[in-house]
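[1] Sequence plus predicted model, see below.
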Amino acid sequence: AYTYNTIISCCRRGSLYEEAKSIFEEMKLAGYVPDKVTYNALLDVYGKSRRPKEAMEVLMEMEANGFSPSIVTYNSLISAYARDGLLEEAIRLKDQMLERGIKPDVFTYTTLLSGYEKAGKDESAMRVFEEMRDAGCKPNICTFNALIKMYGNRGKFTEMMKIFDDIKECGCTADVVTWNTLLAVFGQNGMDSEVYGVFKEMRRSGFVAERDTFNTLISAYSRCGSFDQAMAMYKSMLDAGVAPD
RNA sequence: UCUAUGUCU
């Protein structure tokens, strides 16, 4: 079943839900019994293919076959609904998991937070963040990155940088997503000196930029109309031995 | 072997 599970989860990229479904059927025909991971993987493929209804059907089939949903099942399903903007349904699932004795974790809350952010519902997003703290669930770097994105999209740069400072206070470390998000936000707003500030801070922290980050830097400076800086980043990229794409 | 955050993707 490991083999089939791996192939099915491979279908997430590319939204290959029909392929995943046929591997799933083939697996059963070959006499293998789907396990928890098989169902979770298939459910996730449907979610990533933006087919929350079918993801829900996988949950039902899973239960009909005697497997109780795990926290992974719920988080994946919540992500499927949130991705489609179905936040009320996502919240209902979070409540349902609690009723069934599964405590929402940092994945659950970060998914909901980001879902509300994408829907433009900042108040609700902040409520999720508070609920998370009240529940004693510690935010991790992904949570902070989602908050940075939220404040960045709203032009609340002071708040955004406050979250950036919180990262260290909470014993987390800024990662590639953090740096790319900050650079992109300042780039989108034409704030070239802030882009430079983030760039300096990034180097100071010892972060080694890879292709994504160089691309983000070049894009950020381009949006600021800073052609020379963009070219300088392109040169740094080549000097660092990173291949452009 | 399965779940959350970013860069135009």
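    Looks like it arrived, so ask away.

[2] where exactly do the strands run in chain A?
    For chain A, applying DSSP state E gives no strands.

[3] Can you list the residue ranges for helices in it?
    A:2-10, A:17-29, A:36-48, A:52-64, A:71-83, A:87-99, A:106-118, A:122-134, A:141-153, A:157-169, A:176-188, A:192-204, A:211-223, A:227-239 (DSSP state H).

[4] For A:Asp245, which of these is the nearest?
    With CB to CB, the closest approach to A:Asp245 among those belongs to helix A:211-223: 6.3 Å. All C-beta spots, glycine's among them, are computed from the backbone N, C-alpha and C.

[5] what angle do the closest one and helix A:192-204 make?
    Counting by axes from the mean of the first three to the mean of the last three CA atoms, to 10 degrees, helix A:211-223 lies at 160 degrees to helix A:192-204.

[6] Now look at helix A:211-223 and say if it contacts RNA strand B.
    Yes. Contact of helix A:211-223 with RNA strand B (CB under 7 Å from any atom of the strand) involves A:Asp212, A:Thr213, A:Asn215, A:Thr216, A:Ser219, A:Arg223.

[7] What's the end-to-end length of stretch A:232-245?
    17 Å (CA to CA, to the nearest Å).

[8] so how far is that stretch off the chain centroid?
    27 Å (CA atoms, centre = their mean, to the nearest Å).

[9] Which parts of it count as buried, going by neighbours?
    For stretch A:232-245, burial by neighbour count (16 or more other CB atoms under 10 Å) applies to A:Met233, A:Tyr234, A:Met237, A:Val242.

[10] filter the residues you listed down to the ones close to RNA strand B.
    When CB under 7 Å from any atom of the strand is applied, no member of those is adjacent to RNA strand B.

[11] Can you add pLDDT and give those back as a markdown table?
    Below are the buried residues of stretch A:232-245 laid out as a markdown table (pLDDT from 0 to 100):
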| residue | pLDDT |
| --- | --- |
| A:Met233 | 97 |
| A:Tyr234 | 96 |
| A:Met237 | 96 |
| A:Val242 | 96 |
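
[12] returning to what we had before: nearest to A:Glu169, of the residues of helix A:211-223 next to RNA strand B?
    Distances from A:Glu169 to these, taken by CB to CB, are shortest for A:Thr213, at 23.7 Å.

[13] I figured that closest one was touching A:Thr181, is that so?
    No. Taking CB atoms under 8 Å as the definition, A:Thr213 is not a contact partner of A:Thr181, at 10.8 Å.

[14] More neighbours: which of these two?
    The residue with more neighbours, out of A:Thr213 and A:Thr181, is A:Thr181; 23 against 20, by other CB atoms under 10 Å.

[15] Check what pLDDT the more buried one gets.
    If you check A:Thr181, the pLDDT there is 97.

[16] Quickly note the distance from it to RNA strand B.
    According to CB to the nearest atom of the strand, to the nearest Å, A:Thr181 and RNA strand B sit 4 Å apart.

[17] That residue reaches A:Ile148, doesn't it?
    Yes. Counting by CB under 8 Å, A:Thr181 touches A:Ile148, with 5.3 Å between them.
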